[in-house]
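Visitor: what's the 3D shape of this:
(2 chains)
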Amino acid sequence: MNERESLLRRLSAACGSHGSPAGEPLPGEAPMAAESDRVALFAKTFAAAGGVLLRGPVEMALSDLGEILRAEGVTALFFPEGDAAAREIAEALVPFGPFNLTTGAEVRGGSAAATAGFRTAEAAIAETGTIVETSAGGRTLLPGLVADVHVAIVPAASLVARMEEALAAISADPPRNISFLSGPSRTGDIEQTLTIGAHGPRKAIALLLG
Amino acid sequence: MELNANAFGRNARKALLDKKLQGALERATERFLAHRDAAVAEFPEFEATRERASRIKRDVLDHLDTYLAHFIEEAEKRGAIVHVARDAAQAREIAARIARDEGVTLAVKSKSMASEEISLNEALQGAGVTVVESDLGEYIVQLAGETPSHIIAPAVHKTREEISRLFERHLGEPRTESIPELVGMARKHLRGKFLSAGMGVSGGNFLVADTGSVVLVTNEGNGRMGTVLPRVHLAVVGIEKVIPRMADLPTFLRLLPRSATGQAISSYVSIVTGTRRAGDPEGPDRMHILLLDCGRSAILEGKYREVLKCLRCGACLNTCPVYQSVGGHAYGWVYSGPIGAVLTPLLVGLPEAAALPDASTLCGACADVCPVKIPLPDFLLELRSDAREQGLKTPGEIAAMKGYAGVMQRAGLLEAIERIAGVLGQFFTKGKGIGGMPYPFSGWTERRDFPVPAKLPFRKQWKIKRGVTR
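Guide: Numbers count the residues shown, from 1 in each chain, chains lettered A, B, ... in the order given. You can find the predicted model right below:
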């Protein structure tokens, strides 16, 4: 008998009589306060998580975005190949900088310049102020992972109310990586002082379109 | 980790004399508590969510064999390799073999209490692997050659001056008073490690049975880096971390960050399932999941089963008057606070940690904040009784308790003793309390001051208050 079978046998004995079948009925999901306006709720929760929400029209948002990126010292922009919306925004931003376009591969190799990574989010969750990015369909995670500033492009239609909805859409056959990103990377490990930019992006920006 | 739990008294005394630690503990636990309370107050569904989570966890424990088998099947279906370790020695052996077989020389590790249980780092180092802790607190503790002192804030006992000195010595960085600068230094050094490491080692906050996923909750983003960038991912997780369905995950995500840090959600939740798929630009080629029994199946069998519901949020530590006073190191092993006082004796054996269940005032605050309703005070009391039955109490302690019980059952005798104590107490009173009592009471008063006994017996005072007598 191998270690695995032996463990499962120990557990069977320890679990007891199995009086009730697995997955006995649970109390109903906790009701959440009704929130008719998902966008308003997302604006509130994303800000609470430390994120910066920008909304269309795109021309207006671009100028604000350019200003934020310059203030963060960003000089290099990158986006996934095949992410048309991210490419469009990043390219349109070039005149607002001094910004160069670079690639995820270069940034992964270790970029000296401060970078902004652009990517279209798969979903956003109003309940928690969360951007959802996954590796489904061979998509890259680098913009929200290694960039100094992450710019998530969120089509308004992809904004859902609760975590359950975002997970239901992807849990039948989950990709290798499902990431919930809620605000910038942070740590409180030194003297319990909240400090932004531990390992991930120092700034989390969501651009809500449509 | 080396076990030193029965030295709780000595460890606690050292901690109480450490002024710097006292300041840090007070700041940290107060802040955690205030944030937690605010987050719970802002979330009216907290109680209902807590009840639901508690029931899900109970269902898991009633059917852990079924759910764990399901988890293993689903994880392997998606390319993960699942290993099972009965005890710490076996777990170390498996981890070392994985590292050697995968040809790993550098590993980045995110925080995992389970890995501390089995002393994973030593095992990997023995296999020729340099292991770098990537959680900032763990990194600091590793540079200092120490062990974590809080489940979610491992370096809670370190000041910025000490950290800057460590970074100067080990990283060649200039001294600074600025916390953001210190964080920036660690970010720079660790980024290089993430990009060059062959293996990312993680724990797991949850294992999802119906998808075979491992879920990591972090604020820094280190768990995410370590599971996306290196070519091998090793997750070391206790078997009790299973939840039945992905659909159950939100319930737990609504409780864990609120209870731990007072956030509505942590910055990053990574749900990783199997290896990278064809066409994925990132993600590991190999995923190993090392499931630890290490005493858990034995706990499942007994009366303390519900302790396995623990989410490792740390709320019971922050709210515990004993933890607030002595910090994590005093508990002498991986887990501290009320959960440690229950879990450690159960995992390492009561004789090895019989001092811990006594490290509690039984005030009940831990049960009030536990997000999955573990009856910690009941368990602490029950463990004390077990210790008595196993002959782990001293004859003096047993005699004292018997005497106490005898007195408490006789009202007249109690009243007489209270009157005598009321008079005698005045002779030993120093300032606010009684200290420096003669042997055999010196064992108590050396460690703490007793409140001065009232001049009148309690029942007498009660009667006067109610106007029954004068």
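
Visitor: tally of neighbours for residue B:35?
Guide: 18 (other CB atoms under 10 Å in any protein chain shown). In short, each C-beta sits where N, CA and C put it, glycine included.

Visitor: do the same with residue A:82
Guide: 11.

Visitor: before we move on, what about residue B:125?
Guide: With other CB under 10 Å as criterion, residue B:125 counts 15.

Visitor: what does residue B:58 give?
Guide: By other CB under 10 Å, 18 other residues sit near residue B:58.

Visitor: list the contacts for it?
Guide: Taking CB atoms under 8 Å, 6 or more residues apart in numbering or on different chains, we find residue B:58 in contact with B:306, B:309.

Visitor: On the pLDDT front, check it for me.
Guide: Here, the pLDDT recorded for residue B:58 equals 95.

Visitor: for residue A:19, same thing?
Guide: As predicted, residue A:19 sits at a pLDDT of 64.

Visitor: now residue B:334
Guide: For residue B:334, pLDDT reads 93.

Visitor: what's the answer for residue A:27, then?
Guide: 64.

Visitor: Show me where chain A has its strands.
Guide: A:52-55, A:74-78, A:100-101, A:114-120, A:123-125, A:130-134, A:149-155, A:159-160, A:177-181, A:186-187, A:195-196, A:203-209 (DSSP state E).

Visitor: Can I get those strands in CSV including mean neighbour count and mean pLDDT?
Guide: As requested, the strands of chain A are arranged in CSV below (neighbours: other CB atoms under 10 Å in any protein chain shown; pLDDT from 0 to 100):
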stretch, mean neighbour count, mean pLDDT
strand A:52-55, 18, 96
strand A:74-78, 24, 95
strand A:100-101, 12, 94
strand A:114-120, 25, 96
strand A:123-125, 25, 97
strand A:130-134, 25, 98
strand A:149-155, 25, 97
strand A:159-160, 21, 96
strand A:177-181, 27, 97
strand A:186-187, 26, 94
strand A:195-196, 20, 94
strand A:203-209, 24, 96
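
Visitor: and chain B, which of those strands is closest to it?
Guide: Proximity to chain B (CB to the nearest CB) singles out strand A:177-181 among the strands of chain A, at 3.8 Å.

Visitor: who does the closest one pair up with?
Guide: With DSSP bridges as the test, strand A:177-181 is paired with strand A:130-134 (antiparallel), strand B:268-272 (antiparallel).

Visitor: Other residues contacting it?
Guide: Applying CB under 8 Å, 6+ apart, the external contacts of strand A:177-181 come out as A:125, A:128, A:130-135, A:141, A:144, A:150, A:152, A:163, A:167, A:170, A:200, A:204, B:213, B:224, B:227-228, B:265, B:267-273, B:282-283.

Visitor: Same check on stretch B:347-361?
Guide: Applying CB under 8 Å, 6+ apart, the contact partners of stretch B:347-361 are B:3, B:5-9, B:12, B:117, B:294-296, B:299, B:320-322, B:326, B:330-333, B:338, B:340-342, B:344-345, B:377, B:380-381, B:383-384, B:386-387, B:390, B:392.

Visitor: domain assignment for chain B?
Guide: B:43-296, B:396-465 (automatic domain parsing).

Visitor: any idea which of those is most buried?
Guide: Of the domains of chain B, the one with the most neighbours on average (mean count of other CB atoms under 10 Å in any protein chain shown) is domain B:43-296, at a mean of 21.

Visitor: Show the end-to-end separation of that one, please.
Guide: Taking CA to CA, to the nearest Å, domain B:43-296 runs 33 Å from one end to the other.

Visitor: same deal with stretch B:224-242?
Guide: 20 Å.

Visitor: So for that stretch, mean pLDDT?
Guide: Stretch B:224-242 comes out at a mean pLDDT of 97.

Visitor: before we move on, what about stretch B:16-32?
Guide: Rounded mean pLDDT across stretch B:16-32 is 89.

Visitor: do stretch B:191-200 as well
Guide: Computed over stretch B:191-200, the mean pLDDT rounds to 95.

Visitor: on that earlier part again, tell me, which of the domains of chain B is the model least confident about?
Guide: Among the domains of chain B, domain B:396-465 has the lowest mean pLDDT, at a mean of 81.

Visitor: Start and end of it, how far apart?
Guide: 37 Å.

Visitor: re the thing from before, distance to residue B:453 added to the strands paired with strand A:177-181, as a markdown table?
Guide: As requested, the strands paired with strand A:177-181 are arranged in a markdown table below (distance: least, CB to CB, whole Å):
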| stretch | distance to residue B:453 |
| --- | --- |
| strand A:130-134 | 57 |
| strand B:268-272 | 54 |
